[in-house]
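>>> based on what follows, work out the 3D shape:
(one chain, ligands or ions: 1)
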Amino acid sequence: MRVLALLDGTIADPEAPVIRADDLGLQRGDGVFETVLAVDGKPRELGPHLDRMTRSTSMLDLPAPDRAAYERAVGAVLEHWRGGREVAIKLVLTRGVDGGDGTPTGFVLASEVAPKALAQRADGLAAITLDRGVEPGLADRAPWLLLGAKSLSYAVNMAALREAERQGAAEVVFTTPSGSVLEGPTSTVVMANGKTLVTPPDALGILPGTTQAALFRAASRAGWTIEVARIDVTELYAADGVFLASSVRRITRVHTLDGKVLADSTELHAQLSALYESEY
Ligand code: PLP
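Residues are numbered from 1 along each chain as shown. Just a heads-up that it's a prediction; the model follows:
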């Protein structure tokens, strides 16, 4: 089940091409995207996703997304959705065609959440740490590297996931060369110790997560301590719980990291999932 909407709100055939061969998003990954979760017809964190998309376009010197057009297109795909209760909605904006007038290409595509993501959400997963080769401070020193932008150039992130699979794991926690925790290829890392939640700072050149933000909002309201701070990878091995948060995976437990079995965080996972759900 897939539903495609164009930015004027019209529904298009998801199996018919809408991207020209000379589109720079296709040719160079020159564009940005967001993936929004909708449950029972309601998109989650659409405002924060559009804010982040605007931040990404500004980092890429692209025109800001037309918020009203994306909101309308999200509404249109949800109206036509006949699949399951959960929908992964991709919002895409590219630099448009090569040599064109700079008009961006945009569309919104709704798909089912992959069964693998649902299974990992329920059962947890094994992850490995991989060095991203990026030291703290590089994001500010070299803005052209677009660290922390959600650009369409995710081939590196996908390659890291294939490396994890080669090593018998399902996910990746990127680190700096000196072992500071960054993020997953498509998720935010959250560490739990007692009733304290910690996530690494965006200043390290990582994407600010909308799911982590929603979880922290709920946790803070429920009396938990929330911290945005550097995490050394050795702290993850000793933590009460390590989680990957993203719109599609919600809160997913890491049960094994670099082959080491972590503390049983099943109960913590249930608590964090309930906190996150309480936002909706
Ligand atoms: N970090 C990266 C690199 C991502 O690609 C994503 C989402 O795909 C996230 C974090 C999680 O963001 P969100 O919770 O807003 O989905």
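>>> so which strand or helix has residue 219?
Assigned by DSSP states H and E, residue 219 falls within helix 210-221.
>>> an error on my part: the question was meant for residue 128.
strand 125-131.
>>> now residue 169
Per DSSP H and E, residue 169 falls between elements, in no helix or strand.
>>> what about residue 44, how many residues nearby?
Residue 44: 19 surrounding residues under other CB atoms under 10 Å. For the C-beta atoms, the positions are set from N, CA and C on the backbone; glycine is no exception.
>>> if I look at it, how far off is the ligand?
Distance, residue 44 to the ligand, by CB to the nearest ligand atom, to the nearest Å: 9 Å.
>>> I'd assumed residue 74 was in contact with that residue.
No. Using CB atoms under 8 Å as the test, residue 44 is too far from residue 74 to be in contact (11.0 Å).
>>> quick check: neighbours shared by the two?
36, 38 (CB atoms under 8 Å, 6 or more residues apart in numbering).
>>> follow-up on the earlier one: contacts for the helix or strand that the strand holding residue 128 is followed by, please.
Beyond strand 125-131 in the direction of the C-terminus, DSSP H and E gives the next helix or strand as helix 138-141. Counting by CB under 8 Å, 6+ apart, helix 138-141 makes contact with 145, 147, 148, 203, 204, 205, all of which sit outside it.
>>> closest one of those to the ligand?
Lowest distance from the ligand to the contacts of helix 138-141 (CB to the nearest ligand atom) belongs to residue 148, with 8.5 Å.
>>> just checking, that closest one is part of a helix?
No. In this structure, residue 148 is coil, not part of a helix, as judged by DSSP: H, G, I helix; E, B strand; the rest coil.
>>> that one: what's it in contact with?
59, 139, 202, 205, 206, 207, 208.
>>> quick check: the first one touching residue 143?
Yes. Taking CB under 8 Å as the contact criterion, residue 59 and residue 143 are neighbours in contact, 7.0 Å apart.
>>> who's more crowded, those two?
Neighbour count, other CB under 10 Å: between residue 59 and residue 143, residue 59 has more, with 19 against 13.
>>> quickly note the distance from the more buried one to residue 98.
According to CB to CB, to the nearest Å, residue 59 and residue 98 sit 21 Å apart.
>>> name the nearest residue to residue 25, sequence neighbours excluded.
Leaving aside its chain neighbours, residue 25 sits nearest to residue 94 (2.5 Å; criterion: CB to CB, 6 or more residues apart in numbering).
>>> wouldn't the one you found be in contact with residue 105 here?
Yes. Taking CB under 8 Å as the definition, residue 94 is a contact partner of residue 105 at 4.4 Å.
>>> who touches both of the two?
Both residue 94 and residue 105 are in contact with 19, 23, 25, 31, where contact means CB under 8 Å, 6+ apart.
>>> so what's the residue count around the first one?
Residues contacting residue 19 under the criterion other CB under 10 Å number 14.
>>> for it, list the residues it contacts.
Counting by CB under 8 Å, 6+ apart, residue 19 makes contact with 25, 26, 94, 105.
>>> would you mark the buried spots in the helix or strand encompassing residue 270?
Under the criterion of DSSP H and E, residue 270 resides in helix 266-277. Neighbour-count burial for helix 266-277, counted by 16 or more other CB atoms under 10 Å, picks out 268, 269, 271, 272, 273, 275, 276.
>>> list the contacts for the fifth one?
With contact taken as CB under 8 Å, 6+ apart, residue 273 is in contact with 250, 251.
>>> swap in 6 Å and give it another go.
Applying CB atoms under 6 Å, 6 or more residues apart in numbering, we find residue 273 in contact with residue 251.
>>> what do you get for the last one?
With contacts defined as CB under 6 Å, 6+ apart, the neighbours of residue 276 are 215, 251.
>>> then the third one?
When contacts are counted by CB under 6 Å, 6+ apart, residue 271 touches no other residue.
>>> model confidence for it, exactly?
Looking at residue 271, its pLDDT is 98.
>>> cheers, nothing more for now.
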